[in-house]
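Participant: everything below, folded, please.
(one chain, ligands or ions: 1)
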Amino acid sequence: MYDLCKVGNEGLMGEVIQIVGGKTIIQVYEETGGVRPGEPCVTTGMSLAVELGPGLLSSIYDGVQRPLHVLLERTGGFIKRGVTADGLDHKKIWEFKPVARKGDFVKGGEVIGVVQETVNIEHKIMMPPDKSGTIADIKSGNFTVLDTICTLTDGTELQMMHRWPVRRPRPVKRKLTPEKPLVTGQRILDGLFPVAKGGTAAIPGPFGSGKTVTQQQLSKWSDTEIVVYVGCGERGNEMADVLWDFPELEDPQTGRPLMERTILVANTSNMPVAAREASVYTGMTLAEYYRDMGYDVSLMADSTSRWAEAMREISSRLEEMPGEEGYPAYLSARLAEFYERAGVAETLCGEKGSITAIGAVSPPGGDFSEPVTQNTLRIVKVFWALDAKLSQRRHFPAINWLNSYSLYKEDLNDWFTENVAPDYVAMREKAMDMLQTESELQEIVQLVGSDALPEEQQLLLEITRMIREIFLQQNAFHPIDTYSPFAKQYRIMQAIMKYGDAAMDALKSGVPASEIIKMESKNDLPKVKFEEDFDGSLNAVLAKMDKEFAALGGR
Ligand code: ADP
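Facilitator: Sure thing, here's the model as predicted:
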């Protein structure tokens, strides 16, 4: 099973997906029109594997790790079938610096040397996980990924590159519990629905609700060292946008191009389904490889719905018994297998690395009750529900704060208390409660208008409006607002709460709600988050607010 085969005179790449008695069923990754009986079919004796070694970063691959620029050179703008290309550049010279020495006993996964892959990323050359032995000879200097750099006493020759089958998770020493959040600088994500570094999250949303912008923001701003972006089965022009955009993005941590720490796997909807099915595993294996070096990796899959559809198509061709909506009965198991490969781990070389898996889901018509969304919901621990209504109102990021959730909140509370502020968690819960109450009051407001509400509730609606417009809304395209460090997030929320508390006090002492709502300083607050000197402007607004409240006094 899963052997890679070359089918027909053109040597089309395919994979064994079923064996029934003497009959072998091969799923070909490419168009098979015109292949006739009598043409040869050979197995390579290996399963679908990726090449792992220096040169992966900044590459753009298709689902079976063929570099797109090589395909372009060989076949022109439209990829012809039967083309093969190596995942890594076999001719490029890298400077290898050994860290292990002659006579050392090295186990699978241990580091034997390093290569400076990009300006900021040091690539560790590890023993393949399934090999170990005593070093008889280790070289230093300039080599290609195929040159022998190390020989073991049993005669095994090691290169900088090794291959790994994509469907097999790479082994780790042990998995650890995630205890730090992935810092994204996006207020609604960090503040209300944090994902742990090494956690799993899903972003479901209909077309145009901001999946791509959110994933790009996450790639750009998250505090991970490596980004693997799998474009799985989206339309060609959408994928093209990503391919154009990504190389132009600048890495805010280093000022260098973001591509230097990114690998793109692009598989559009017109590429064959089997390659699409494989692309997610390809991406995950690349992510695991960098995790094994001890890096924090984020893996974006856009979108897992297309991946599930590929599974459905293959399953129906195999005449398997269909489950819900025609998806195979093992849909849920496959999704779980994928997300399970994420996590924090102590790697074989003793480092601590992590993979945070973030999958976009595109349910048809935005209907969250369909099987892919539902099965994903069961597995992932964070759910960022994008909402078409919010995006129509231009409330961005259009993440619905009532439907979304994070199961990491409790686990991360200690981190927030220690690293952000002791009252951060309490403040967040208070804000969530208020938003919940707002949604209940909204029904009454729609019937009778907000003037019919008691003054206290009118004020509450005013405060939640501030939470939504000042804290939750964030413009990804504004140079300053695009990233909000924790200190800033905390101060914004604190300012809103300060106004809220003072407003409630003033109301109790007899000041009419209309006067409290009219306050000038309150109207200055929304602008503060766009200011370069955020702290200075906020301090000025807060001082003004104190004065205004003092002037209102009790009546
Ligand atoms: P999808 O991938 O879900 O089809 P996009 O990510 O392309 O949707 O988003 C559609 C549009 O919504 C974007 O072109 C942009 O104008 C707007 N948008 C989405 N998120 C934001 C954001 N955080 N800030 C500002 N605009 C946004």
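
Participant: give me the distance between residue 505 and residue 499.
Facilitator: 11 Å (Cβ to Cβ, to the nearest Å). Just so you know, the C-beta spots here come from the backbone N, C-alpha and C atoms, and that holds for glycine as well.

Participant: which one of these two is surrounded by more residues?
Facilitator: More crowded of residue 505 and residue 499, by other Cβ atoms under 10 Å: residue 499, with 23 against 13.

Participant: helix/strand/coil for the more buried one?
Facilitator: Using DSSP: H, G, I helix; E, B strand; the rest coil, the structure places residue 499 in helix.

Participant: what about residue 381, neighbour count?
Facilitator: 18.

Participant: nearest residue to it other than its sequence neighbours?
Facilitator: Distances taken as Cβ to Cβ, 6 or more residues apart in numbering place residue 407 nearest to residue 381, at 4.1 Å, with adjacent residues excluded.

Participant: and the gap between the one you found and residue 346?
Facilitator: The gap separating residue 407 from residue 346 is 23 Å, by Cβ to Cβ.

Participant: same question for residue 414.
Facilitator: Where residue 346 is concerned, residue 414 sits at a distance of 21 Å (Cβ to Cβ).

Participant: more neighbours: which of the two?
Facilitator: Using other Cβ under 10 Å, the more surrounded residue of residue 414 and residue 346 is residue 346, with 15 against 11.

Participant: quick check: nearest residue in space to that one, chain neighbours excluded?
Facilitator: Here the residue nearest residue 346, using Cβ to Cβ, 6+ apart, is residue 173, at 4.4 Å.

Participant: whichever helix or strand residue 113 is part of packs against which elements?
Facilitator: Taking DSSP states H and E as the criterion, residue 113 maps to strand 111-116. Strand 111-116 sits against strand 94-98, strand 122-126, strand 133-138, strand 148-152, with contacts defined as 3 or more Cβ pairs under 8 Å, 6 or more residues apart in numbering; DSSP states H and E.

Participant: so the first one versus strand 111-116, what angle?
Facilitator: It stands for strand 94-98. Comparing the axes of strand 94-98 and strand 111-116 via axes from the mean of the first three to the mean of the last three Cα atoms, to 10 degrees yields an angle of 140 degrees.

Participant: what's the first helix or strand after strand 94-98?
Facilitator: Defined by DSSP H and E, the subsequent element after strand 94-98 is strand 105-106.

Participant: residues contacting that next one, please?
Facilitator: Strand 105-106 has contacts (Cβ atoms under 8 Å, 6 or more residues apart in numbering) with 100, 112, 127, 132, 133, 134, 135.

Participant: buried members of those residues into ChimeraX, please.
Facilitator: In ChimeraX, a selection of the buried entries from the contacts of strand 105-106 looks like this (16 or more other Cβ atoms under 10 Å):
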select :100,112,127,132,133,135
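
Participant: redo the contacts of strand 105-106 as TSV? Include distance to the ligand.
Facilitator: TSV is the format used below for the contacts of strand 105-106 (distance: Cβ to the nearest ligand atom, whole Å):
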residue	distance to the ligand
100	46
112	42
127	41
132	45
133	49
134	52
135	49
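
Participant: which one of the contacts of strand 105-106 sits closest to residue 388?
Facilitator: Nearest to residue 388 among the contacts of strand 105-106 is residue 127, at 49.8 Å by Cβ to Cβ.

Participant: and the closest one, how close does it get to residue 506?
Facilitator: 68 Å.

Participant: ditto for residue 398
Facilitator: 34 Å.

Participant: so which of these two has more stuff around it?
Facilitator: When residue 398 and residue 506 are compared for neighbours, residue 398 comes out ahead with 26 against 22, by other Cβ under 10 Å.

Participant: residue 384 is in contact with the more buried one, correct?
Facilitator: No. Look at residue 398 against residue 384 with Cβ atoms under 8 Å: they stay out of range, at 9.9 Å.

Participant: follow-up on the earlier one: point out the most buried one among the helices and strands packed on strand 111-116.
Facilitator: Comparing those by mean neighbour count (mean count of other Cβ atoms under 10 Å), strand 122-126 comes out on top with a mean of 21.

Participant: who does that strand pair up with?
Facilitator: Using DSSP bridges, the strands paired with strand 122-126 are strand 111-116 (antiparallel).
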